[in-house]
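Q: Predicted model, plus sequence, below.
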Amino acid sequence: MIQYLMSSYLGINKQDEHYRHVSLVLIYAISCVCVTTFYCFYNTLIFDYPKMFLIDLAGTIVGLLALYVLLGLKRIRLASWILLLMAAGVVLAVILSRVNANYSMAWAMIIPLMSVFLLGYLWGTVFSLGYLALVVWIARQGLETWQAAPWDVGSAVNVVAIYLLLFMLSCYFEASRRSAHKLLQASNQKLAHLASTDVLTGLKNRRSIEDYLLAHDRQPLFLAMIDVDDFKHINDDFGHNTGDEVLVALAQLMQQLVGDHGVVGRWGGEEFVIVFDDSNVEAFEALLIQLVQGVAATGFGVSRSVTISVGGSRHTGADHKLTLRAADEALYEVKQKGKNGYKIAMASA
Ligand SMILES: Nc1nc2c(ncn2[C@@H]2O[C@H](COP(=O)(O)OP(=O)(O)OP(=O)(O)O)[C@@H](O)[C@H]2O)c(=O)[nH]1
């Protein structure tokens, strides 16, 4: 339910940096409403206590207000403040009530935890320390609640020490939560990069190119399939490592020629693909000529000419697999006709 409310009202999902913080605020607001509503019934139907009923009713109203501010107005910080002030008020009421002499101060200990979790370090610290000062001041006034544990130096030191310890613990957990989230985000980014990049050339890989085509399914584009001619001979004559170096150099050259007019990817083996971000066929054809001539004119450090065959097709967004097939068929025709050339398929997909 929490997940559903968070994603539909606030657009926050589990990967979001603020997920844990906001879910805590939401859980807290819902719990407040549930508990105070239960006590509203309890203090009327089971144990008739009109004064407490009114207090419980006020708690329910404040809880609902916090929920509205959080989910309706999307004001997370304001909702956090409302909830924290409500908790601080309840704790003060407990401390000031004469009947709670034995344990009244114990309740103050939830404030440093709640303030850091709900408001973050800065305001959590300000609120927490301000509240500690208020509690100490109340204790110093006597107020007839402290006879059971007199407010002497010893008790003051102990209360302050426990309070600060809880405050530091909450800061520690908040810090570790944030750094764990940062690490997770960094490793997710790294994984996403690895999953979409070709290890040898650093170009986009096949999956990434297909995602790119799917993401541009409404925009007319051109696509080119490129195959290095007789690459097997380069490997056979100069070795696999040199073959790799040629592929890397080819990737760089193609990226340089395409520039920011499109994206270059490695389809697999000695096959590359270019998605040309323009619907102008003349510009696309000019690029293919540049590619074929540019590769043929480059040395690549091997005593053998390196050439490419290119098949192009228009992608209108219908089905990128059809576009790829059309480009592949055009490429096959170039290979059949003697390689080192290009062809643009007439049919478009
Ligand atoms: N060095 C290197 N070679 C690769 C890599 N991937 C595929 N190859 C080689 O590329 C060659 C492709 O050979 P073929 O499919 O016969 O194609 P080709 O020799 O280019 O011939 P045509 O396509 O007809 O021009 C094979 O020898 C593969 O081993 C790679 O990452 N590095």
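A: Happy to help now that I have it.

Q: How about the residues of this structure by the ligand?
A: 200, 227-232, 235, 240, 243-244, 247, 269-270, 335, 339 (Cβ under 6 Å from any ligand atom). Backbone N, C-alpha and C define where each C-beta goes, glycine included.

Q: Which part of this protein gets nearest to the ligand, residue-wise?
A: residue 243 (2.7 Å; Cβ to the nearest ligand atom).

Q: Please pull up the helix or strand immediately following the strand or helix carrying that residue.
A: In this assignment (DSSP states H and E), residue 243 forms part of helix 240-258. With elements assigned by DSSP H and E, the helix or strand that comes after helix 240-258 is strand 262-268.

Q: partner strands of the next helix or strand after that next one, parallel or antiparallel?
A: Remark: after strand 262-268, the chain's next helix or strand is strand 271-276, criterion DSSP H and E. For strand 271-276, the pairing partners within the sheet under DSSP bridges are strand 221-228 (antiparallel), strand 262-268 (antiparallel).

Q: then the very next helix or strand once past the first one to PDB, C-alphas only?
A: Once the chain leaves strand 221-228, the next helix or strand it forms, by DSSP H and E, is helix 231-238. What follows is helix 231-238, C-alpha atoms only, in PDB (Å, rounded to 0.1, in the frame of the first residue of the first chain):
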ATOM      1  CA  PHE A 231      37.800  -8.900 -42.100                       C
ATOM      2  CA  LYS A 232      38.700 -12.600 -41.700                       C
ATOM      3  CA  HIS A 233      41.800 -12.000 -43.800                       C
ATOM      4  CA  ILE A 234      42.900  -9.100 -41.600                       C
ATOM      5  CA  ASN A 235      42.700 -11.400 -38.600                       C
ATOM      6  CA  ASP A 236      44.400 -14.200 -40.500                       C
ATOM      7  CA  ASP A 237      47.200 -12.100 -41.900                       C
ATOM      8  CA  PHE A 238      48.000  -9.800 -38.900                       C
END
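
Q: quick one: helix 231-238 to strand 221-228, angle?
A: 40 degrees (axes from the mean of the first three to the mean of the last three Cα atoms, to 10 degrees).

Q: mind listing what's buried in helix 231-238?
A: Across helix 231-238, burial judged by 16 or more other Cβ atoms under 10 Å covers 231, 234, 235, 238.

Q: now residue 259: how far from residue 12?
A: 38 Å (Cβ to Cβ, to the nearest Å).

Q: What average pLDDT does stretch 299-316 get?
A: Across stretch 299-316, the average pLDDT comes to 91.

Q: do stretch 192-203 as well
A: 93.

Q: show me where pLDDT drops low in the stretch 101-250 of the chain?
A: Residue ranges of the stretch 101-250 of the chain with pLDDT under 70: 101-102, 142-152, 154-155, 158, 161, 165, 218.
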